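J.: Got a predicted structure plus its sequence, pasted below:
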Amino acid sequence: MVPTARSRRDAGIRSRKARSWRIAGLALGVVLTIAGCSPSAPTTAPPGTTTGSAPGQSALKPIDPAAFHATVAAAAKELVVPGAVVLLRTPQGNFTAAVGTTELGTSTPPAADTHFRIASNTKTMTSALIVLLAQDGKLRFSDPVSRYVSGVPNGDNITIAQLLKMRSGLYDYTEAPELAAALDADPAKVFTPREVLAIAFQRPPMFPPGTAYQYNNTNYALLGLVAEKIGGRPLAQQLRERLFGPLGLRQTSLPAATDNSIPDRYSHGYLYGGSAYAFIDQTYPADLQAAARAGTLQPNDYTRQNPSYATAAGGVISTSDDVATWIRALASGKVFNADFQRQWLDSLQPENPNAPDGQKYGYGISYQRFAPNAAMWYHGGELPGFNSFIGYDPANDVTLTIWANLTLSPDGRTTAVALLPTVLNQIYAELSLPPAPTPTSTR
């Protein structure tokens, strides 16, 4: 993921995911031209502060539950998604569009309390734990990672802040083809953080620390070790005690490395082809696309693939209800004290220095303004079997979560990202986003 390739990569637990979130960012950018405005940096007011629309106007459309459900169902069908859940919370109320099935060959519908693997949305939690440890005075964002983890290439010059903001320059271990090959050969294989880091460390860094943005799971594998070193307890325990418990996230957990199960009730997760299609930036061949769309090829079931390779970068299991509660709490100031909430807000930097008003990434969070009175703090998640999105718009008090149990549509679109423009068009007035485009083949 060299800087010149950033347009092809950008967010989730792999590089393909990254490219698809970039596509979503471009789609959101279209509305800026339509609306006749330019994107701006997030307000310096606390994110829970409502700025809203002009007097007598609303940025939000009235939500018709039946029409909302029908629109989501049609979009999911077009993507050949077995099942999906869109959960929307606005001042008008809560709306859930749950479509399809949690398991192929059955008619078991998903729901807001269905468990799924949230993948890289885990990063919002790992980063929050690091910020809390800084709030406790146990670390500084300017500390070098070498103070806490040995053996990191150039570790004396890579700071905790650079890891949080994806600016370390380290190689992303999920880009390595041997990871996908190992997982497909043995889906139950147990990885330790040190083992996946070894994959990254045997390759040269991509750029000097702090000089560029590169979405990178190696950064968060390291942050998980930092949290365990400083906190003195396993990562799962700290997340449970400091985040999940206090916020009432009773259906959210980071499973043990040896545990590849998902709590009941849960959705199966599917992917056409092998794990490399989720991890590495590549496009389905034409014959696979045709067979998948015709229904003569069924996707592989990745439900029981062991996610220990992800852990701090993407190992958490949750539900739509819980992640909606989580992202709103995080972005509205309920997790940190006022000082560290301000530092979390101010951590944002443009991913592309040539587009300073474009998509930004900070301490485990993305930010995008997509209309004059609408902007979201958000993250995405993807691994074999699942694709998801979580976001919160503080100006309009809109919480949105999307997950689908198919990683990529037959034509190669990441499914939650492809659903996002359709859903946003249902929520916001005077908004007309084009559908997420089909990726261009890079073969």
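T.: Cool, got the structure.

J.: can we go C-alpha only for contacts and neighbour counts from here?
T.: Will do.

J.: Stretch 99-109: how far from the chain's middle?
T.: Remark: stretch 99-109 is offset 24 Å from the chain centroid, using CA atoms, centre = their mean, to the nearest Å.

J.: Over to stretch 60-76?
T.: Distance, centroid of stretch 60-76 to centroid of chain: 23 Å (CA atoms, centre = their mean).

J.: and if you look at stretch 284-293?
T.: The answer for stretch 284-293 is 26 Å, by CA atoms, centre = their mean.

J.: What is the strand or helix carrying residue 378 packed up against?
T.: In the assignment (DSSP states H and E), residue 378 maps to strand 374-383. Packing partners of strand 374-383 (3 or more CA pairs under 8 Å, 6 or more residues apart in numbering; DSSP states H and E): helix 15-35, helix 276-279, strand 366-371, strand 386-393.

J.: what packs against the second one?
T.: With contacts defined as 3+ CA pairs under 8 Å, 6+ apart, the secondary structure elements packing on helix 276-279 are helix 15-35, helix 177-185, strand 374-383.

J.: what's the least confident stretch among the ones you listed?
T.: Mean pLDDT per stretch puts helix 15-35 lowest among the helices and strands packed on helix 276-279, at a mean of 35.

J.: wait, what's in contact with residue 308?
T.: 190-192, 256-258, 315 (CA atoms under 8 Å, 6 or more residues apart in numbering).

J.: just the strands in the stretch 51-200 of the chain please.
T.: Listed from the start of the chain, the stretch 51-200 of the chain has strands (DSSP state E, counting those that start in this stretch) covering 83-90, 93-100, 116-117.

J.: Reformat those as TSV; add mean neighbour count, mean pLDDT and distance to residue 290.
T.: Formatted as TSV, those follow (neighbours: other CA atoms under 10 Å; pLDDT from 0 to 100; distance: least, CA to CA, whole Å):
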stretch	mean neighbour count	mean pLDDT	distance to residue 290
strand 83-90	24	98	20
strand 93-100	19	98	21
strand 116-117	31	98	28
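
J.: closest one to residue 252 among those strands?
T.: Shortest separation from residue 252 across the strands of the stretch 51-200 of the chain is recorded for strand 116-117, at 9.7 Å, computed as CA to CA.

J.: mind listing what the closest one pairs with, with the direction of each?
T.: When pairing is defined by DSSP bridges, strand 116-117 lines up against strand 317-318 (antiparallel).

J.: now what about the partner strand, what contacts it?
T.: By CA under 8 Å, 6+ apart, strand 317-318 touches 115-119, 251-255, 262.

J.: what angle separates the strand holding residue 378 from strand 366-371?
T.: With axes from the mean of the first three to the mean of the last three CA atoms, to 10 degrees applied, the angle from strand 374-383 to strand 366-371 works out at 140 degrees.
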